[in-house]
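Participant: The following comprises the amino acid sequence and a computationally predicted model.
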Amino acid sequence: MNKYKRLTRNTTIFLLGDAGSKLAAFFMLRYYTGVLTTSEYGIIDLIVTTATFLMPTITLAINESVFRFSMDRDIERSQVITIGIAITLIGNFVLLLLVSLVHLPYDFWNYRMLIWLVCITSGIRAILSSYCRGIEKVKLYAISGIIQSFLQIGIAVVLISVFQMGLRGYIYAAASASLLTSLIIVIGIRKELRFNFHIDPAIGKQMLVYSIPLIIHLISWWAMSSIDKYVILSQLTTADNGMFSAAGKVPALLTTVNAVFFKAWQLSSVAESNSADKAEFYSKIFHLLHITLTLVSMVLLLLIRPIYAVMVGPAFEGSWQYTPFLVISVVFSCFASFMGTNYVAMKKTKGAVYTSGSAALINLGLNIVLTRHFGITGTAFATMISYILLWIFIMLNTSHFVSIRIQYPKFIATHILLLAQAFLIASGQMLYIVQAVLIIIVVWMNANDIKQIFHRMLFHLRKTE
């Protein structure tokens, strides 16, 4: 299959699955922020965030190896899935022992069993989902994402509204949905799913050599997106954390779109890792990603205040003012993810440790300083700067894998205009006419590129192999 057509097809499938499920969850924001207090919502966010932090460590990030190695035809897939499941179960058993035996003098520690529940159920689903994607059962992967979202919504409504279980009902719903989705994936891949209880140490070693460096990388990415919540908790309140979490929901839509593209792009980047024209291929796709994300971001920011007026409860309405810098953070996070696939394609995961680790340390320092002086706005600004630096670090570190051609004068000018729009909104001034003018200028600056991109997309959609 033509590489552009392959990428377009996989992106479309993932879009229907992931975007559909995430949009359903997004529209539930009004319900959650209406039935939960700002404090409860903040605690839920911390539970999920803490589980996300623990997952790479307790599972040795083995789901990343399951995805990458299940794509290699010269490695027995039954070994890959067996090793992945075994390490995930062992890691979660160790975590269960720790949370059962260790007691800490913090109120948040009372929710430790909920954190473990999220870890074990999400861990199992992550292994099966990674395997499903690695063997390119992309339609099943997409469908399972939709099913999981609606299962979680349905169960959460019953547990929260009928049984009055509050934040625990939300977590129980998420765990139940993960388990049921795992079962659906197992049924869907039953013909390709074989377990081998005679584990090959050589394959296990290869998988761990690949995944263990990713522990620090994934924790660093977690820190980039989540450490700010703990800084807010230490310097402000759980209610402030709830506001910050709500502020991140619209930027999360961009993250969802990127996640959709990223999953398809991973498959393409691995397939094209040794092709002669990969630099041209990468450059064209990055150009498309850059223009699309920038324009979508500017339109979202233009509409941010009316969106939040409709989508969140009255107690959260002021959260729109913190979103502009978070939106730009997501844009550069997407750029960094795009270039970071080189580490996966080339199986050079150690390089990812240095780039993401450096950015995470900078992020922590900036968050501590700026949150103390500027509150939640300072937190969002610190996150934005950190993601911009992360992208720069990865661009420099992966340049020997592939050299992407970027029209820097136009690229920089475009993002200066996006940044100007963000500062305008963060100051509390919407000035819709000024924002519209900024968007028009960006479109005018990139008009020829936009036309070429659409023509190229139409051409490759019709092109056969």
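Facilitator: Here it is on my side, so go on. Numbering: from 1, shown residues only.
Participant: which residue of this protein sits farthest from its center?
Facilitator: residue 198 (34.6 Å; Cα atoms, centre = their mean).
Participant: Please, which helix or strand holds that residue?
Facilitator: If you go by DSSP states H and E, residue 198 is not part of any helix or strand.
Participant: Where does pLDDT dip in the protein?
Facilitator: Within the chain, the stretches with pLDDT under 70 are 1-8, 13-27, 260, 262-263, 266-276, 344-347, 453-465.
Participant: 50 instead?
Facilitator: Where the chain drops to pLDDT under 50, the residues are 464-465.
Participant: so how far is the helix or strand residue 418 falls within from its chain's centroid?
Facilitator: Using DSSP H and E, residue 418 sits in helix 408-426. Mean C-alpha position of helix 408-426 versus that of the full chain (Cα atoms, centre = their mean, to the nearest Å) differs by 23 Å.
Participant: Please list all residues in contact with residue 328.
Facilitator: Contacts of residue 328 were listed using Cβ atoms under 8 Å, 6 or more residues apart in numbering, and they are 297, 384, 387-388, 415, 418-419, 422. Quick note: C-beta positions are derived from backbone N, CA and C, even for glycine.
Participant: Would you mind checking these for buried ones?
Facilitator: Among the contacts of residue 328, the ones that count as buried by 16 or more other Cβ atoms under 10 Å are 297, 384, 387-388, 415, 418, 422.
Participant: could you redo those residues as TSV and give each row distance to residue 443?
Facilitator: Shown next, in TSV, are the buried ones among the contacts of residue 328 (distance: Cβ to Cβ, whole Å):
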residue	distance to residue 443
297	13
384	23
387	24
388	23
415	15
418	12
422	18
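Participant: Can you tell me which of those is closest to residue 86?
Facilitator: residue 387 (35.1 Å; Cβ to Cβ).
Participant: Please report phi then psi for that closest one.
Facilitator: As for residue 387, its main-chain torsions (degrees, to the nearest 10) stand at phi -70, psi -30.
Participant: Now it: closest residue in space, sequence neighbours ignored.
Facilitator: Nearest residue to residue 387 in three dimensions, chain neighbours excluded: residue 332, at 4.1 Å (Cβ to Cβ, 6 or more residues apart in numbering).
Participant: Which residues are in contact with the closest residue to residue 358 other than its chain neighbours?
Facilitator: Spatially, and ignoring its direct neighbours in sequence, residue 358 is nearest to residue 393 (6.0 Å; Cβ to Cβ, 6+ apart). By Cβ under 8 Å, 6+ apart, residue 393 lies in contact with 354-355, 358-359.
Participant: Which strands or helices does the helix holding residue 418 pack on?
Facilitator: Judged by 3 or more Cβ pairs under 8 Å, 6 or more residues apart in numbering; DSSP states H and E, the packing partners of helix 408-426 are helix 278-302, helix 323-345, helix 350-397, helix 432-445.
Participant: Kindly indicate which of the contacts of residue 393 lies nearest residue 323.
Facilitator: For the contacts of residue 393, the nearest to residue 323 is residue 359 (21.2 Å; Cβ to Cβ).
Participant: That closest one against residue 220, yeah?
Facilitator: Yes - at 6.9 Å, residue 359 and residue 220 qualify as touching, with contact defined as Cβ atoms under 8 Å.
Participant: May I have the phi/psi pair for the residue farthest from the centre of the chain?
Facilitator: Torsion angles, degrees, to the nearest 10, at residue 198: phi -100, psi 80.
Participant: Take the contacts of residue 393 and write them to JSON lines, including neighbour count.
Facilitator: Shown next, in JSON lines, are these (neighbours: other Cβ atoms under 10 Å):
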{"residue": "354", "neighbour count": "16"}
{"residue": "355", "neighbour count": "25"}
{"residue": "358", "neighbour count": "16"}
{"residue": "359", "neighbour count": "25"}
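Participant: List just the nearest of those to residue 30.
Facilitator: Closest approach to residue 30 among the contacts of residue 393 (Cβ to Cβ): residue 359, at 33.7 Å.
Participant: Distance of residue 264 relative to residue 141?
Facilitator: Distance of residue 264 to residue 141, computed by Cβ to Cβ, to the nearest Å: 11 Å.
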